[in-house]
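Visitor: need a structure here:
(one chain, ligands or ions: 1)
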Amino acid sequence: MVTTPKLKPGVVSGKDYLTLVKSCKDGGYALPAVNIVGTNSINAVLEAAAKNSADVIIQLSNGGAAFYAGAGAPDSFQAKVLGAVSAAKHVHMMAELYGVCVILHTDHANKKLIPWVEAMLDHGEQYYKETGKPLFSSHMVDLSEEDIDFNLSESARLLKRMVAIDMSIEIELGVTGGEEDGVGSDEIDNDKLYTQPEDCLRAYELLSPIGHFSLAASFGNVHGVYKPGNVKLRPEILKHSQALVSQRHNTADNPLDLVFHGGSGSEKEKIDESLGYGVFKMNIDTDTQFAFAEGVGKFAFANQKAFLHQIDPDTGEPYKKLYDPRKWLRKGEETMIARLDEAFADLKSAGKSIALKKAGQIAAE
Ligand SMILES: [Zn+2]
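Guide: Next up, the predicted model:
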């Protein structure tokens, strides 16, 4: 029986981050990594995690970060950077309030977006100087469209910088199909949708001596939700990569810390299978986007007049109680939370939080 040390609630990084990843893998569960675009979605994720006694991963895409700064904010590059920094500070403050452990992460950054990552690291280094903690637990650098030599050497360069402030990197080998934030791949050959175990071995050999990395390996996963039949998930690809590294380097089982991209709409049995192969993080975006929209949409549909008239034109009834944004944004939060209940159950992370409980929480049990 392994006993996992408990962690202080809040954003985890460095050694605590490794403790949380290990707890997931040893416990055969994974954390949903939810893409957020504002405080409503961040708070919904935190509420869902607290409700499920689960730890969670909050992440921003570059587009999400820009939106966080405001869709009309001047200078889109600075907006992407400052939106990410602002969201991170919100999460640092609120994660402690909700009493769960949170991994804070940024999503896909291709070659063009490396300056975005480096600018976030400038802010991260400053934050580290002031607080002894990084702003983010990890950043993803996705150079899977480039040749593998560049992918790995550039990832190594950035990891060196991250390690100095207790951060980890996520890289990608092989291509995730579908489209996210307009970064898409309509026509890619099928081979590229499946990561080669030899490439995983190379990544392990180059990066693990520098610091911690996690790996998004492609096993037929696709961003977005499409008609059934388009996705052929082959989790055994993950198993083969783990086996090759562990054999070559004489490690324990599942030496790689794997990330499942494109979790929305995936078959439950494939999700379950991937948990056995060292997946500790599953990205979910499309399904939680739809969940938020569904809650708002149903409410607006049921109360159409309140979204068109401040006062009912026939009866004179005031609609303030219905069009107050707190009313309908909350509906979106509630349906997003309900979708996350399902994700925590699918990933077996409900009830597994390793956050130290506050005195009141212990007394309540
Ligand atoms: Zn992805």
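Visitor: hang on, isn't residue 339 packed against residue 285?
Guide: No - shown here, residue 339 and residue 285 do not form a contact pair, counting by Cβ atoms under 8 Å, at 11.2 Å. (C-beta placed from N, C-alpha, C; glycine too.)
Visitor: so which of these two has more stuff around it?
Guide: Using other Cβ atoms under 10 Å, the more surrounded residue of residue 339 and residue 285 is residue 285, with 25 against 22.
Visitor: now the more buried one. Nearest residue, chain neighbours left out?
Guide: For residue 285, ignoring the flanking residues on the chain, the nearest one in space by Cβ to Cβ, 6 or more residues apart in numbering is residue 35 at 3.9 Å.
Visitor: just want the phi and psi numbers for the one you found.
Guide: Here is the backbone geometry of residue 35 (degrees, to the nearest 10): phi -80, psi 130.
Visitor: then residue 144?
Guide: Main-chain torsions, residue 144, degrees, to the nearest 10: phi -70, psi -20.
Visitor: can you check residue 101 too?
Guide: phi -90, psi 140.
Visitor: and for it, the neighbour number?
Guide: Burial of residue 101 is recorded as 28 neighbouring residues (other Cβ under 10 Å).
Visitor: same deal with residue 161?
Guide: Neighbourhood size, residue 161 [other Cβ under 10 Å]: 17.
Visitor: which residues are in contact with it?
Guide: Residues near residue 161 by Cβ atoms under 8 Å, 6 or more residues apart in numbering: 118, 121.
Visitor: check the gap between it and residue 20 for me.
Guide: 22 Å (Cβ to Cβ, to the nearest Å).
Visitor: distance of residue 220 from residue 92?
Guide: The value you get for residue 220 to residue 92, if Cβ to Cβ is used, is 36 Å.
Visitor: would you agree residue 137 is in contact with residue 15?
Guide: No - look at residue 137 against residue 15 with Cβ under 8 Å: they stay out of range, at 11.6 Å.
Visitor: higher neighbour count, those two?
Guide: residue 137 (29 against 12).
Visitor: residues contacting that one?
Guide: Listed by Cβ under 8 Å, 6+ apart, the contact set of residue 137 reads 11-13, 17, 103-105, 167-168.
Visitor: list just the nearest of those to residue 264.
Guide: Nearest to residue 264 among those is residue 105, at 17.1 Å by Cβ to Cβ.
Visitor: would you agree that closest one is in contact with residue 64?
Guide: No - taking contacts as Cβ under 8 Å, residue 105 lies outside contact range of residue 64: 11.5 Å.
Visitor: give me every residue that touches residue 240.
Guide: Neighbouring residues of residue 240 by Cβ under 8 Å, 6+ apart: residue 197.
Visitor: if we can go back for a sec, rebuild the contacts of residue 137 as a markdown table, extending it with neighbour count and pLDDT.
Guide: Shown next, in a markdown table, are these (neighbours: other Cβ atoms under 10 Å; pLDDT from 0 to 100):
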| residue | neighbour count | pLDDT |
| --- | --- | --- |
| 11 | 23 | 98 |
| 12 | 25 | 98 |
| 13 | 24 | 98 |
| 17 | 23 | 98 |
| 103 | 26 | 98 |
| 104 | 25 | 98 |
| 105 | 24 | 98 |
| 167 | 26 | 98 |
| 168 | 24 | 98 |
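Visitor: so what's the residue count around residue 88?
Guide: The local packing of residue 88 (other Cβ under 10 Å) involves 26 other residues.
Visitor: kindly apply the preceding question to residue 304 instead.
Guide: Counted with other Cβ under 10 Å, residue 304 comes out at 10.
Visitor: now it: how far from residue 319?
Guide: From residue 304 to residue 319 the distance is 10 Å (Cβ to Cβ).
Visitor: now do residue 205
Guide: Counting by Cβ to Cβ, the gap between residue 205 and residue 319 amounts to 63 Å.
Visitor: more neighbours: which of these two?
Guide: Using other Cβ under 10 Å, the more surrounded residue of residue 205 and residue 319 is residue 319, with 16 against 13.
Visitor: verify the stated contact: that one with residue 309.
Guide: Yes - assessed by Cβ under 8 Å, residue 319 is found in contact with residue 309 at 6.5 Å.
Visitor: coming back round to it: mind listing what the residue nearest to residue 285 touches?
Guide: Counting by Cβ under 8 Å, 6+ apart, residue 35 makes contact with 41, 59-61, 64, 107, 283-285, 288-289.
Visitor: same thing but 6 Å
Guide: Residue 35 sits next to 59, 61, 64, 285 when contact means Cβ atoms under 6 Å, 6 or more residues apart in numbering.
Visitor: ok, what's across the strand from residue 318?
Guide: Using DSSP bridges, the beta-bridge partners of residue 318 come out as residue 311.
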